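>>> sharing a sequence plus its predicted fold:
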Amino acid sequence: MNIGQLERMAATQFGLTSTAPIRPVRAGNINSTVVIETDGGAFVLQEMNVAVFPSPSALMSNTLKIIDRQREHNLPTMSFQRTLDGDWLAEFDGTPWRCYRFIEGGATPNILTPEEAQRTARAFGRYAKAIDGLELEEHLSGYHDFDGRITILEAVVGADELGRLDGCREFVDDLLSVIDRLRLTSGYRAWKQVPVRNSHNDAKGPNCIVDMSGNLTIIDLDTTMPGTVLSDIGELARSSTRHLPDASPEELWSQIQAVNRGFVAGFVLELTSEEREAMLLAGPLMAIENSVRFLADHLSGDKYYGATSPEQNLDRAVVQYELGRRLVGAIEWATAS
């Protein structure tokens, strides 16, 4: 869809008239997003990727419940714009779109210090506490089902429909070997017994906006649904260490501890013994899960994340695999000290 069509759609569906050139938002791999400047402020216009989110109505139902709960807990949150017909979604050329007010401020995509990690984790902990017990639909079944992700990878490897396996067979073997070892740990056995709790499921710096007043607003609520808070803790540990390629085990351990402290402080609610036992494994598990997902996408033709080069998702998979190994090394260093 070209810019002129976007402007026309925004005006006719959401009642917005642009006063400046529409600018695309490059962040994110899933939805197409632009920012529209109007006399009433800036708005985000976003195309819903139905290949990834097959039930936009269920997603938006969850989102609106979450926003109401955040407001009840006095947390800063997103503000969606209705269409002129009073709906939350607009259809244009057969594709659903939504619109929300742009949050002035900046994300923290490159968390580099324990202080940054702890602050971001605390915001996600407060978010998890606010939505605890909220009735939400699991509109993306098996999103952080680690065993399910492995089953998908094994099926894709077995099929090798595009003939890409020969170019990465050694890496596939190494990854599956690490997965086998992770599955044998007591932390993984505990992970399988943790309670179901609502979680963001994509907790990381880019999804936490620091506004002009210094408040932290959790955004990108699309994946929030029943799961486990350990996936949030793990994703925070993963994303808080991914930009530290030269960090020592001690430095990585400091980041992991900062994430755990921050999240627990924000969450407040008591964790079960299984959640506490599995907490250290959360970071490596999320890194390896990301590696599995990137690799499966590479082998099946880059249908989910997309790619600008034939091996981009393979490269992404290798980066996450190496990060997972380094996080395991940091934990082993700490527990042996």
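Sure, I can see it.

>>> need the residue closest to the centroid of this structure.
Asp202 (2.0 Å; Cα atoms, centre = their mean).

>>> mind pulling up the pLDDT for the nearest residue to that residue once chain neighbours are set aside?
The spatially closest residue to Asp202, leaving aside those adjacent along the chain, is Thr223, at 4.8 Å (Cβ to Cβ, 6 or more residues apart in numbering). In this view, the C-beta of every residue, glycine as well, is placed from N, C-alpha and C. Thr223 carries a pLDDT score of 95 in this model.

>>> so Thr223 is in contact with Glu138, correct?
No - with the criterion set as Cβ atoms under 8 Å, Thr223 and Glu138 do not qualify as a contacting pair; they are 10.5 Å apart.

>>> neighbour-wise, which of those two wins?
Looking at Thr223 and Glu138 with other Cβ atoms under 10 Å, you find the greater number of neighbours at Thr223, namely 22 against 14.

>>> just list the residues touching the more buried one, thanks.
If you count contacts by Cβ atoms under 8 Å, 6 or more residues apart in numbering, Thr223 has them with Leu140, Tyr143, His200, Asn201, Asp202.

>>> quick one, phi/psi of the residue nearest to Asp202?
Main-chain torsions, Thr223, degrees, to the nearest 10: phi -100, psi 0.

>>> just Thr217 next, same as before
The main-chain torsion angles of Thr217 are listed as degrees, to the nearest 10 and equal phi -110, psi 120.

>>> same thing with Phe146?
Backbone torsions of Phe146, given as degrees, to the nearest 10, read phi -60, psi -50.

>>> list the residues that contact the nearest residue to it once chain neighbours are set aside.
Nearest in space to Phe146, with sequence neighbours left out and distances taken as Cβ to Cβ, 6+ apart, is Glu289 at 5.7 Å. Counting by Cβ under 8 Å, 6+ apart, Glu289 touches His144, Phe146, Arg149.

>>> thinking again about what came up before, isn't the residue nearest to the centre of the chain right up against Ile219?
No - checked against Cβ under 8 Å, the pair Asp202 and Ile219 is beyond contact range at 10.0 Å.

>>> pLDDT below threshold where in this protein?
1-3, 26-31, 108-109 (pLDDT under 70).

>>> mind listing the helices for it?
Counting by DSSP state H, the segments of the chain that form helices are 3-14, 56-72, 114-131, 146-159, 169-183, 186-191, 229-239, 249-267, 273-278, 282-300, 312-336.

>>> off-centre distance for the second one?
Okay, so that is helix 56-72. The gap between the average C-alpha position of helix 56-72 and the chain average comes to 17 Å, counting by Cα atoms, centre = their mean, to the nearest Å.
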